[in-house]
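Colleague: structure for the following, please:
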Amino acid sequence: MVKIEEIKRYISDDILNSIFEQKEDEIYKLEPKSEELEKIKTENTMTYGRFQEIIKNLPPHFKNCREDILDALEEYVDREGLIQSYDNEKFFKIGFCEGVKMMIDINKNKND
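Modeller: Reported below is the predicted structural model:
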């Protein structure tokens with residue numbers, strides 16, 4: 001696996017962060033029309049809203065428990081979102097660095 005240290009003279013952490021943020025903005029603006037994604041959504045119908053609905057429909061004597069479960073669910077969703085964002089950034093940056101290193105190696109081999 002290529003690390004940023006291996007290509008530091010070609011690209012800095014600041015440049016890599018800037019490229020990632022620009023690409024992240026571009027990707028979030030895209031509307032996915034993927035058949036694969038639609039199939040996943042169709043086959044897996046449990047949503048955050050459905051979880052909330054199920055929890056809110058617990059019998060009245062579970063009121064305190066219901067609030068704790070909703071709070072825990074909210075924290076869990078936030079945690080998973082942060083982990084996914086971290087992983088996405090890591091995978092993008094590693095892939096980008098590997099691509100840059102590959103181009104550098106190809107150019108170096110052409111010049112040898």
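
Colleague: which strands and helices lie in contact with the lengthiest helix in the chain?
Modeller: Secondary structure of the chain per DSSP state H: the longest helix is helix 63-111. Applying 3 or more C-beta pairs under 8 Å, 6 or more residues apart in numbering; DSSP states H and E, one finds that helix 63-111 contacts helix 13-29, helix 48-56. Just so you know, the C-beta spots here come from the backbone N, C-alpha and C atoms, and that holds for glycine as well.

Colleague: how about the shortest one: buried residues?
Modeller: Applying a neighbour-count criterion of 16 or more other C-beta atoms under 10 Å, one finds Ile55 buried in helix 48-56.

Colleague: in the helix-or-strand element of the chain with minimal mean pLDDT, which residues are buried?
Modeller: Here the helix or strand of the chain ranked lowest by mean pLDDT, DSSP states H and E is helix 13-29, holding a mean of 83. Of all the residues in helix 13-29, those buried under the rule 16+ other C-beta under 10 Å are Leu16, Phe20.

Colleague: give me the contacts around that helix.
Modeller: Contact with helix 13-29 is made by Ile4, Asn88, Glu89, Phe92, Lys93, Phe96, Cys97, as judged by C-beta atoms under 8 Å, 6 or more residues apart in numbering.

Colleague: how about those, which pair is most distant?
Modeller: Across the contacts of helix 13-29, the two members that end up farthest from each other (C-beta to C-beta) are Ile4 and Asn88, 16.7 Å apart.

Colleague: of these two, who's got more company?
Modeller: Ranked by neighbour count (other C-beta atoms under 10 Å), Ile4 and Asn88 place Ile4 first, with 17 against 13.

Colleague: pLDDT and distance to Glu36 added to the contacts of helix 13-29, as CSV?
Modeller: Listed next are the contacts of helix 13-29 as CSV, based on pLDDT from 0 to 100; distance: C-beta to C-beta, whole Å:
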residue, pLDDT, distance to Glu36
Ile4, 60, 32
Asn88, 89, 18
Glu89, 89, 23
Phe92, 88, 20
Lys93, 86, 25
Phe96, 86, 24
Cys97, 84, 27
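
Colleague: in stretch 101-112, what counts as buried?
Modeller: Quick answer for stretch 101-112 (16+ other C-beta under 10 Å): Lys101.
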